[in-house]
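J.: dropping a prediction and its sequence here:
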Amino acid sequence: MRIFFSKHAIPFLISLAILTINPSFYSYGADLPTISSVTPSSGFNDLNTTIQISGINFQTGATVEIGATSATDVTVVSSTSITATVPYGITAGTYDVKVTNSPAHSATLLSGFVVNSPPAEWTSQTLTWTGDRGGETTSTCTLVLPNNTYRMYNPGIGFRSSEDGLTWPDSTNTNINEMGATNPAVITLKDGTYLMIYGVQQHTSGPPTERQYRAISTDGIYFNKEPTDAVLTGENDFASVPDLIYINDDTTLRLYYVSNSLQSHIHTATSTNNGQTWTEEGPISITGGPIGQQDVDPDIIKLADGTYRLFFATPPGPSELGNLRIRSAISTDGRNFTLESGSRIIPSPSEPGAIVIDPDTVLLPGTTDKYRFYYGGMIGDTPQVLRVAVPRFPNISVPPDSHDFGNVSIGSTSTAQTFTITNTDTDTALVISTITLAGVNPSEFSIQNETCTAQPIPQSWTCTCQVTFSPASASAKSAILRIQSNDPDTPTKDIALTGTGTGETTCKSWSDVIAEYNKYVSGTSTWSEVINIYNLYVTNPC
């Protein structure tokens, strides 16, 4: 509904319309909050996202809404900063962010937060098996050797060797022949020898038991068990599916394993004597979003920046068991992990009862951030042949992260600023879906000569767009250049735009005030802009 008033009805309009619309109008400068930015400005709808809201006049007890959803864990850090959590489960889309001090004192940042769907699963492919005995059903540990060949250890504690990691011959015995021996983890020790930690299962009338044993090899092929006793038993006499890594001091080994067959979760233990004895650390923590009632089959890698990424199998929802898929989480200390969005691999929808298990990740030779990801699967009680996926991600780069247009005269247009968008990945095309303007004053900035959304951007290629600034009034202005793409880590890239309008402000009529109010009612303007136009009308009426 639009409203129309004569400029001669100013006292009536102010008292009846403006005041009833927002009683804080007359105390705007002292009490009405203003939002200048939300950081980060996007998140995934299967994770909780912690945001920081910057602005002015925030008060203790303020609430935060993302569209119609109330944020949680709201903390007013100061009058200029609020932290809050955007909860998982919101439908993907673009939402206004609202801060409310009281029913009469609130502020809204239009299109302030983007909720993205999880990234797509990785694409998998089959492996080639050249031996007489066919393919493996799963692997628990694969090493890349110094000569850049691959060695894969299987649950039966045999191994296979491959030149390229994709074509594999028959399995060879490792000299570990115990009844019930399974699930080996192998690591190269600092002295060049190989340590194997493996399980031995014992089937009893009660819950299953499995204990971890230690074996040593000089060549990584033939292993000798030492000592003869188990080195780790876990909760309820169950420790299974181990994985080994050196932690950041490179002198301590950490073992990841599944403990407690009744309540299966990932635990860790450490060793400072090459795995002869272990100190149990208890279960790890995975926060930031929902996972199932199981987290099992750990596979840990250390990234180039020293952080850790954990791959694990889990059901899709917090109340579910079974229906396993592979997810990942990130950590700085290797014990407290934050869930990452999406599933890396999911069971095939066309195969009822299927699960995926046993992630096994290796760094590709000659790279610091490219991995090959092996995994197994089951349909009912039938194992499926081992498969492999190579994560390939487009990666968006748009320097700089901000641009200030400086002082621009009212009614003039700035020189165009060119933003160059680069796909820095070497494997996968980058797809730019939209480039838009958001924030406080988007109408005073303009996108021109945009060449990025017309077609995918191949590996290492670039595209450009330009932005200009045309201030409508004499004051500081800001907006966000928002670029949305298929980069799974940065699906929404925001670039901060600022500028200052200078010179004599164009006069405003009462029709301008009403027009701006109608835009506010329809959701295309902010209350602060209504007040700005009203103040211009008062000081420089037409």
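T.: Noted; the coordinates are in hand. Numbers count the residues shown, from 1 in each chain.

J.: helix, strand, or coil at Ile531?
T.: Ile531 falls in the helix class when you classify it by DSSP: H, G, I helix; E, B strand; the rest coil.

J.: tell me the pLDDT at the nearest residue to Asp132 once chain neighbours are set aside?
T.: Excluding the flanking residues, the one nearest Asp132 by Cβ to Cβ, 6 or more residues apart in numbering is Asp170, at 6.2 Å. Where you see a C-beta, it was placed from the backbone N, CA and C, and this is true even at glycine. Confidence at Asp170, expressed as pLDDT, is 89.

J.: who are the contact partners of Asp170?
T.: Taking Cβ atoms under 8 Å, 6 or more residues apart in numbering, we find Asp170 in contact with 130-133, 160.

J.: most neighbours among those, which one is it?
T.: Highest neighbour count within the contacts of Asp170: Arg160, with 22 neighbours (other Cβ atoms under 10 Å).

J.: which of the helices or strands spans that one?
T.: In the assignment (DSSP states H and E), Arg160 maps to strand 158-162.

J.: ok, then the element right after that strand?
T.: strand 167-168.

J.: name the helices or strands packed onto that next one?
T.: Helices and strands touching strand 167-168, by 3 or more Cβ pairs under 8 Å, 6 or more residues apart in numbering; DSSP states H and E, are strand 128-129, strand 158-162.

J.: what lines up beside the next helix-or-strand element following the shortest one in the sheet?
T.: Towards the C-terminus, the helix or strand next in line after strand 128-129, according to DSSP H and E, is strand 141-144. The partner list of strand 141-144 in its sheet, established with DSSP bridges, is strand 150-153 (antiparallel).

J.: so what touches the partner strand?
T.: Counting contacts by Cβ under 8 Å, 6+ apart, the residues outside strand 150-153 that touch it are 136, 139-145, 159-165, 168, 174, 184-186, 196, 220, 360, 362, 374.

J.: apply 7 Å and report the result again.
T.: Contacts made with strand 150-153 from outside it, assessed by Cβ atoms under 7 Å, 6 or more residues apart in numbering, are listed as 139-145, 159-162, 165, 168, 184, 186, 220.

J.: returning to that earlier point: mean pLDDT lowest for which of the helices and strands packed on strand 167-168?
T.: Set side by side, the helices and strands packed on strand 167-168 give their lowest mean pLDDT on strand 128-129, at a mean of 90.

J.: run through the bridge partners of Ser102.
T.: What pairs with Ser102, by the bridge criterion (DSSP bridges), is His105.

J.: from Asn540, how far off is it?
T.: Applying Cβ to Cβ, to the nearest Å, one obtains 32 Å for the distance of Ser102 from Asn540.

J.: same question, Ala230
T.: In terms of Cβ to Cβ, Ala230 sits 85 Å off from Asn540.

J.: please apply the same query to Leu127.
T.: 74 Å.

J.: so, low pLDDT: which residues of the stretch 151-300 of the chain?
T.: 248 (pLDDT under 70).

J.: all strands of it, in order?
T.: In the stretch 151-300 of the chain, strands defined by DSSP state E, counting those that start in this stretch lie at 158-162, 167-168, 172-173, 181-188, 194-202, 209-217, 224-225, 239-246, 253-259, 265-271, 279-283, 285-287, 296-302, listed in chain order.

J.: likewise the stretch 301-450 of the chain?
T.: Listed in chain order, the strands found in the stretch 301-450 of the chain under DSSP E, counting those that start in this stretch are 308-314, 325-331, 336-339, 354-363, 371-379, 382-389, 396-397, 402-409, 417-423, 432-438, 445-448.

J.: so what does the second one touch, helix or strand wise?
T.: Put plainly, it is strand 325-331. Packing contacts for strand 325-331, counted by 3 or more Cβ pairs under 7 Å, 6 or more residues apart in numbering; DSSP states H and E, involve strand 308-314, strand 336-339, strand 354-363.

J.: winner for burial among these?
T.: When the helices and strands packed on strand 325-331 are scored by mean count of other Cβ atoms under 10 Å, the highest mean neighbour count falls to strand 308-314 (a mean of 24).

J.: tell me which strands that strand pairs with, and in which orientation.
T.: Paired neighbours of strand 308-314 in the sheet (DSSP bridges): strand 296-302 (antiparallel), strand 325-331 (antiparallel).

J.: show residues contacting that strand.
T.: Strand 308-314 is contacted by residues 266, 291-292, 294-303, 324-331, 334, 337, 344, 356-357, 359, 361 when judged by Cβ under 7 Å, 6+ apart.

J.: isn't Leu262 up against Asn236?
T.: Yes. Because the distance of 6.4 Å satisfies Cβ atoms under 7 Å, Leu262 is recorded as touching Asn236.

J.: what touches both of those two?
T.: The overlap between the contact sets of Leu262 and Asn236 (Cβ under 7 Å, 6+ apart) consists of Pro207.

J.: tell me how far the ends of stretch 86-95 are from each other?
T.: Looking at stretch 86-95, the gap from its leading to its trailing residue is 11 Å under the measure Cα to Cα, to the nearest Å.

J.: before we move on, back to that, for the residue nearest to Asp132, give its distance to Thr498.
T.: If you go by Cβ to Cβ, the gap between Asp170 and Thr498 works out to 65 Å.

J.: let's verify Ser54: helix, strand, or coil?
T.: What three-state DSSP gives for Ser54 is strand.

J.: any idea how far it is from Thr34?
T.: 10 Å.

J.: of these two, which one has the most company?
T.: Thr34 (19 against 15).

J.: what is the helix or strand Thr94 falls within packed up against?
T.: When elements are defined using DSSP H and E, Thr94 is found to belong to strand 93-102. Taking 3+ Cβ pairs under 7 Å, 6+ apart as contact, the helices and strands that strand 93-102 lies on are strand 34-39, strand 63-66, strand 105-116.

J.: next, format those as JSON lines and append distance to Leu481.
T.: Listed next are these as JSON lines, based on distance: least, Cβ to Cβ, whole Å:
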{"stretch": "strand 34-39", "distance to Leu481": "13"}
{"stretch": "strand 63-66", "distance to Leu481": "21"}
{"stretch": "strand 105-116", "distance to Leu481": "12"}
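
J.: now mean pLDDT too, for those, in TSV please.
T.: Shown next, in TSV, are these (pLDDT from 0 to 100):
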stretch	mean pLDDT
strand 34-39	90
strand 63-66	98
strand 105-116	91
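
J.: among those, which is nearest Ser525?
T.: Distances from Ser525 to each of these were compared using Cβ to Cβ; the minimum, 7.8 Å, belongs to strand 105-116.

J.: next helix or strand past that closest one?
T.: strand 124-126.

J.: what residues of that next one count as buried?
T.: Of the residues in strand 124-126, those buried by neighbour count under the rule 16 or more other Cβ atoms under 10 Å are Ser124.

J.: parallel or antiparallel, which strands does that strand pair with?
T.: Each strand that strand 124-126 pairs with, and the sense of that pairing, follows from DSSP bridges: strand 382-389 (antiparallel).

J.: state the mean pLDDT of the strand it pairs with.
T.: When the per-residue pLDDT values of strand 382-389 are averaged, the result is 82.

J.: also stretch 418-432?
T.: Across stretch 418-432, pLDDT averages out at 85.

J.: pull out the buried residues from it.
T.: 419, 421-423, 425, 428, 430-432.

J.: one more: stretch 173-183?
T.: If you call a residue buried by 16+ other Cβ under 10 Å, then stretch 173-183 has these buried ones: 174, 176, 181-183.
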